[in-house]
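Novice: Predicted model and sequence below, questions to follow.
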Amino acid sequence: MKIEQYGWNTSWQEKVTTSGAPGRVTLEHKNLYRVVTEQGEWLCSLSGKYRYQYSGIQFPCVGDWVMVEQMPGEARGIIHQVLPRISQFSRKEAGETANIQLIAVNIDFVFLTMSLNNDFNIRRLERYLLAAWDSGANPIIVLTKKDQCSDIEPFLCQVKKIAVGVPVHAVSAHTGEGIETLHTHLSGSKTGALLGSSGVGKSSLINALSGSEQMAVQDIREDDSKGRHTTSHREMVLLPEGGLMIDTPGMREFQLGDYSEGIETGFRDVEELTSSCRFRDCVHRDEPGCRVQEALQTGELDPGRYQSYLKLTRELAHMERKSNAAAQKAARAKWKQVTKDSRKRSMKKR
C-alpha cells in the first residue's frame, strides 16, 4: 500500500515531531480510529498522554494525518500525534452548547450536494457555503439527480446568484452524467468531502465515483423528496482513478459555528452594499443614502437573500457570545483547579 495515494507528501513529513509511522484516519469509531499506513490498515486508539493533554476538536477526525506506533504482532496501533490541519469543516453541535463538531479535515474540496427536486433549498445552500468558505477548502456545488429533472435552468439560475465564481455541476449517479467531471477535481490524490442533507444521493455518488457498491443507498420518500439517514458515520474512500472522497451523514439542520470570515466571502455582494451606505452607522432601514434599501427597491438585491444574511449574522453574533462565555468559564475552571492542586502540594510539604 502506497501512503502517497492517500495524499502523503513532504509537506506533511515536515510537520512530524514524534516517532512512529504516518497514517491517515479513514473511519472514526467510538474511541477508536481506522488508520491506513504503509503497512496496511490498523485499528488505533489514542495514547494516554495525548488523551490527557488534548480534548474535543483536537482529537482525530476522518481525514487527519497521525503518527502511529504499531502494537507488536497486531494490526493495531497507538496514536501519539495528530499533524496540524490545513483545513477543517465543522458545525455547532445540536442544542444550547457552544461546542463545535468536526465533520471532515484536511480536505481540498467541499462538494456541497443538493438534489434537483422538491428538497432543493437555496437558503440551506447559503449556510453550507458559509461553512465551506471558512473551512479553508474550496467549495464545489453538485446538483444531483439530473436524470429526474426536466428543466435544470431555474435551479442553476438560483445557485449562480448566490455562489459567484463557485463551480457548479449537475450530475446523475444513475446515468453517470457529470461523474467524470467530479473525478478531475480529485486528480493528484486530492481529498474531497460530500456534504448535504439526507436523500440528496451522496452515497450513490460515492458508488458512481468508485465504480462499486461502497455505500448502502435508500430510496427517498415520494411525498416530500426527503430521504432517511443511510450514512450514519464519516468514512474516507480511495477512488480507483485516484483521489479520495469522504462520505458524511445527512445534515438537514446545520447550525453555524464561528464563521465570520465565511460571511465576508459568502455574502460579498451584500457586504459591499452595506459598506457603500452614506452613513457608517447605517442600520439599513429608512436612513437617507442607504445603498441596501436602494438595491432592494430596484431588484438588485433579492429580499430573501438579504433576510438570510440578517438571520445568519444574528446567529453568528449569538454563537460568538456563547463561545466567549464558554471560554471564560473554562478558563475559570482551569485556574480554580490549578489553585486547588497548588494548595494540595503545599499541604503535603508541611
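Specialist: Structure received.
Novice: drop to CA atoms for contacts and neighbour counts, all remaining ones
Specialist: OK.
Novice: Apart from its neighbours in sequence, what residue is nearest the residue nearest the centre of the chain?
Specialist: Central residue of the chain (C-alpha atoms, centre = their mean): Phe89, 2.7 Å from the mean position. Of all residues not flanking Phe89 in the chain, Ser135 sits nearest, at 4.9 Å (C-alpha to C-alpha, 6 or more residues apart in numbering).
Novice: Could you report the neighbour count for Ile103?
Specialist: 20 (other C-alpha atoms under 10 Å).
Novice: ok, it - contacts?
Specialist: Cys61, Val62, Gln88, Phe89, Ser90, Arg91, Arg234, Thr248 (C-alpha atoms under 8 Å, 6 or more residues apart in numbering).
Novice: burial count for the third one?
Specialist: Look at Gln88: counted by other C-alpha under 10 Å, it has 22 neighbours.
Novice: picking that back up, pLDDT score for the residue nearest to the centre of the chain?
Specialist: Here the pLDDT value assigned to Phe89 is 86.
Novice: Check Arg127 too.
Specialist: 84.
Novice: so Ile141 makes contact with Pro167?
Specialist: Yes: counting by C-alpha atoms under 8 Å, Pro167 is a contact partner of Ile141 at 6.2 Å.
Novice: out of the two, which sits in the busier spot?
Specialist: Neighbour totals were compared for Ile141 and Pro167, and Ile141 leads with 23 against 13 (other C-alpha under 10 Å).
Novice: part of a strand, is that one?
Specialist: Yes: Ile141 forms part of a strand when assessed by DSSP: H, G, I helix; E, B strand; the rest coil.
Novice: Ile107 contacts Thr191, correct?
Specialist: Yes: applying C-alpha under 8 Å, one finds Ile107 in contact with Thr191, separated by 5.0 Å.
Novice: Any stretches of the stretch 1-150 of the chain with poor pLDDT?
Specialist: For the stretch 1-150 of the chain, applying pLDDT under 70 flags the ranges 92-99.
Novice: all helices of it, in order?
Specialist: For the stretch 1-150 of the chain, the helices defined by DSSP state H, counting those that start in this stretch occupy 10-13, 48-53, 122-135.
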